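sequence first, then the predicted structure, then my questions.
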Amino acid sequence: MAEAYLEENPQNIAQADMVVAIPSYREAKHVAYPTTQAALGLKRYFGDKKCVLINCDNNSDDGTKEAFFAADTEGVPRIYLSTAPGVRGKGNNFKNLFRKAVELKAHAVVAVDADLKSITPQWIKHLGEPLFNDFGYVAPLYVRHKFDGTITNSIAYPLTRALYGRRVRQPIGGDFGLSGDLARVFLASPTWTEAASQFGIDIWMTTLAVNNNVPICQAYMGRPKIHKPKDPSAELGPMFNQVVGTIFDLMASTTGYWMRVKWSKPTSIYGFGLGEVEMPPPVKVSEEKLAANFREGFARYQDTWARVVAPDIMTKLLEIGDLPPDQFDFPTQLWAKALYDFAVCHQSRRVEREELLGSLIPLYFGKTLSYVRKTARMSVQQAEEFIENECMVFEESKPYLVDRWGS
Amino acid sequence: MPKILIVDDEEHIRFLYSEELTDEGYEVVTADSGLKLLERIDAEKPDLIILDIKMVDYNGLDLLQDIRNKYYDLPVILCTAYDTFKEDMKSIAADFYVIKSFDLTELKNKIKMALETAVPAKP
């Protein structure tokens, strides 16, 4: 486990009831705003508690640390932590955070993304207060545009829900609350992997919280999450492999749990009364790019898929590959079963991990294209119902996974 | 025999649901408003609640919040004549959302699923 390389604690803070952390890498331009908003939230809603702001950084060379210390926090003390030079990864920043939270004997820890543009002081209240009311883990609940968060919508949410039986709508939302006790559990977990030390950390935390039967709630944020936007058809980079790889890794270590789960349960909601719901800004998506990425992968990965998925699933994948472009459709049941087959293959190591995860990406693009077309004329709410129905398909198809996993 | 608490301010709905769900083998108790609902739940210890949203004196979505805060995993099915309350994010704290109908097939299916739901207490 990577040790914190650098700590700057100018006020020598040795104990805190509540920590707000801002993980970062090269966020000098953005970090001041969430820092200031978080400080306002702490002053306004947790004024009776000892609080500290922590920037958990990957040794950024763009002045992130200086921008963090320069932000106006109205007297709320600050600590800067950094990984060693060359050690990157959001998960590594969180390891440093968990260590520090345990050392400070913090009761509650809230983490918010460094590039947030829509954070308000109420976000700190809503992510933090449940931790003083018997909840151990708080996931965010925002209104998102129907084309925002497609890895969440088509993989992380339906798969986590079907596997572990708890409906957490934004399991990789990026903004979380957790108890000091849970930080200790996270730190001691034997399930840390390279992927979890990177962008896999969000799904890793949510999955472990559910698996440890920690009381979970979803905090309503009131405003949409506005940060650096991403086109779902654009290059996914390593994030896809780290998130999906972490889900698959954890399936192996939690088999005894998820095999016993049937259907799913809702999760408590916290934090209403924020006035009218603000609608999220539109997210542009290129159907042409999605279609091209799917077609490209179709040609490249057919042989790999034939080694990963069951023969009847392969037949259906070939069928959708032959559909005329204007009639393209990726049925949800096919997607769920294909994804389950990929998880089984990951467990059996029949196909090398990077190739396996890489070959899933074009299918994900195809599924996203199908989703974009089906929801094109839907409102945000209608698209939400569409996703809920897809989750039911994942739950209904789960016996297929259970059969295949054990065979 | 699972016990179901029906919370609805319309008498004919309580009557219809009671008859049909009793025939399905459930034990049914009813409440005509949200008044002292948490105390009623404490006393009756139902296995599942069917909750109307738009009642004369109570908002079922607010009651749902109260129920969820006290009984983390008690199954609650929102049953309403209105599709529009789905837009309220509070509604996702329910296990299911069912539109009222004289055909109770969907409601019965959701009751069965909610009662079948299994999430292990410990890993």
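Looks like it came in fine. Residues are numbered from 1 along each chain as shown, chains lettered A, B, ... in the order given.

and the lowest-mean-pLDDT helix or strand in chain B, what's buried?
When each helix and strand of chain B is scored by mean pLDDT, DSSP states H and E, helix B:60-70 comes last, with a mean of 93. Within helix B:60-70, the residues that count as buried by 16 or more other CB atoms under 10 Å in any protein chain shown are B:60-61, B:63-65, B:67-69. C-betas here are computed from N, CA, C, even on glycine.

what's the following helix or strand after it?
Using DSSP states H and E, the next helix or strand after helix B:60-70 towards the C-terminus is strand B:76-80.

and the pLDDT at the residue lying farthest from the centre of chain A?
In chain A, the residue that sits farthest from the middle, by CA atoms, centre = their mean, is residue A:324; the gap is 34.1 Å. Here, the pLDDT recorded for residue A:324 equals 94.

list the contacts for residue A:294?
A:362-363, A:365-366, A:369 (CB atoms under 8 Å, 6 or more residues apart in numbering or on different chains).

likewise residue B:79?
B:8, B:50-53, B:98-100, B:107.

may I have the beta-bridge partners of it?
When bridges are called by DSSP bridges, residue B:79 pairs up with residue B:98.

I'd assumed residue A:218 was in contact with residue A:272.
No. Counting by CB atoms under 8 Å, residue A:272 does not reach residue A:218; the two are 11.4 Å apart.

how near is residue A:330 to residue A:321?
10 Å (CB to CB, to the nearest Å).

which one's more surrounded, those two?
A count of neighbours by other CB atoms under 10 Å in any protein chain shown puts residue A:330 above the other of residue A:330 and residue A:321, at 24 against 16.

tell me the confidence at residue A:4?
Value for residue A:4, per-residue pLDDT: 66.

list just the nearest of the contacts of residue A:294 to residue A:152.
residue A:365 (15.5 Å; CB to CB).

ok, the closest one - contacts?
Residue A:365 neighbours (CB under 8 Å, 6+ apart): A:233, A:290, A:293-294, A:297.

for the helix or strand residue B:12 falls within, what is the distance to the chain centroid?
Residue B:12 is located in helix B:11-23, with elements delineated by DSSP H and E. Relative to its chain's centre, helix B:11-23 lies at 13 Å (CA atoms, centre = their mean, to the nearest Å).

how about the residues of chain B by chain A?
B:65, B:68-69, B:72-73, B:75, B:86-87, B:89-90, B:92-95, B:113-114, B:116-123 (CB under 8 Å from any CB of the partner chain).

okay, and which of those residues map to helices?
B:65, B:68-69, B:113-114, B:116 (DSSP state H).

closest one to chain A out of these, please.
residue B:68 (4.7 Å; CB to the nearest CB).

ok, that closest one - contacts?
Counted by CB under 8 Å, 6+ apart, residue B:68 has contacts A:266, A:268-269, B:74, B:76, B:93.

name only those of the residues of chain B next to chain A that count as buried.
Going by neighbour count (16+ other CB under 10 Å), those have B:65, B:68-69, B:72, B:75, B:86, B:89-90, B:92-95, B:113-114, B:117, B:119 buried.
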